[in-house]
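> Need coordinates for the following:
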Amino acid sequence: MFPIILNLTSKPVVVIGGGAVGVRKALAALAAGAVVRVIDPRSALPLPPEVTHLPEPYREDHLEGAALVFACATPKVNAQVVTDAHARGVLVNTATSPDEGDFTLPAVVRRGDLTLAVSTEGASPALARRIREKFEAEYDEAFAEWVRLLAEVRAEVLATVPDESRRRELLDAFADWEWLARLRAEGAEKVREAMRAVL
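Just a heads-up that it's a prediction; the model follows:
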């Protein structure tokens, strides 16, 4: 497996199957900024209005224009979705036979723009979940604020420090754990000022 963080903003994502698994995948794709449509002949579980639900049996043309596909229906339908997605060169995840798809979804912890992902490549989802729970406890919301500050200061460093080695040195120093400790003790505004003073 090759781990990546995929930008789905405004990209079409198709979910085949509107049960609990399909709805979870649809909501995750929506949260990532995708344009999501769910194909299921039955009434799908409740979905937000931003998600399009087509209440009809799966057909290959439902994959038209898709950037990513989730097969969350019956094993037979999912196998067909995988075949059709591969024929179109579209990445597909299948709920019933993960090895037949192109990717799996890791257990994820998000703190603002910080994303921590854990995968056992299907060997033990329970272990991935336990590690995610450990991360949730250890990586608090202070990390989200720190990443926001680092993004601000990085833009200022790139705009104002012409020497490349000095830029690297500053950006590395601002990512030191000392700044997180100061953020927790002094607050974001004082840390922002202290970082700018270093510049």
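
> Check the offset of the helix of greatest length in the chain from the chain's centre.
Longest helix of the chain, by residue count under DSSP state H: helix 142-160. How far helix 142-160 lies from its chain's middle: 21 Å, per C-alpha atoms, centre = their mean, to the nearest Å.

> Output the contacting helices and strands for the next helix or strand after it.
Scanning forward in sequence from helix 142-160 by DSSP states H and E, the next helix or strand is helix 164-174. Applying 3 or more C-beta pairs under 8 Å, 6 or more residues apart in numbering; DSSP states H and E, one finds that helix 164-174 makes contact with helix 142-160, helix 188-198. In short, each C-beta sits where N, CA and C put it, glycine included.

> Give me the domain ranges for the chain.
12-105, 142-198 (automatic domain parsing).

> Quote the end-to-end distance of the shortest one.
Length of domain 142-198, first residue to last, C-alpha to C-alpha, to the nearest Å: 21 Å.

> related to what we said a few turns ago, using TSV, please lay out the domains of the chain together with distance to residue 133, mean pLDDT and mean neighbour count.
Below are the domains of the chain laid out as TSV (distance: least, C-beta to C-beta, whole Å; pLDDT from 0 to 100; neighbours: other C-beta atoms under 10 Å):
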stretch	distance to residue 133	mean pLDDT	mean neighbour count
domain 12-105	17	95	18
domain 142-198	16	96	14
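
> Relative to residue 84, which of the helices and strands packed on helix 164-174 is closest?
helix 142-160 (39.0 Å; C-beta to C-beta).

> Hey, what's the angle from the closest one to helix 164-174? Just curious.
160 degrees (axes from the mean of the first three to the mean of the last three C-alpha atoms, to 10 degrees).

> who touches the one helix or strand residue 116 maps to?
Residue 116 is located in strand 114-118, with elements delineated by DSSP H and E. Strand 114-118 is contacted by residues 3, 5, 106-110, 128, 131-132, 135, 139, 143-144, 147 when judged by C-beta atoms under 8 Å, 6 or more residues apart in numbering.
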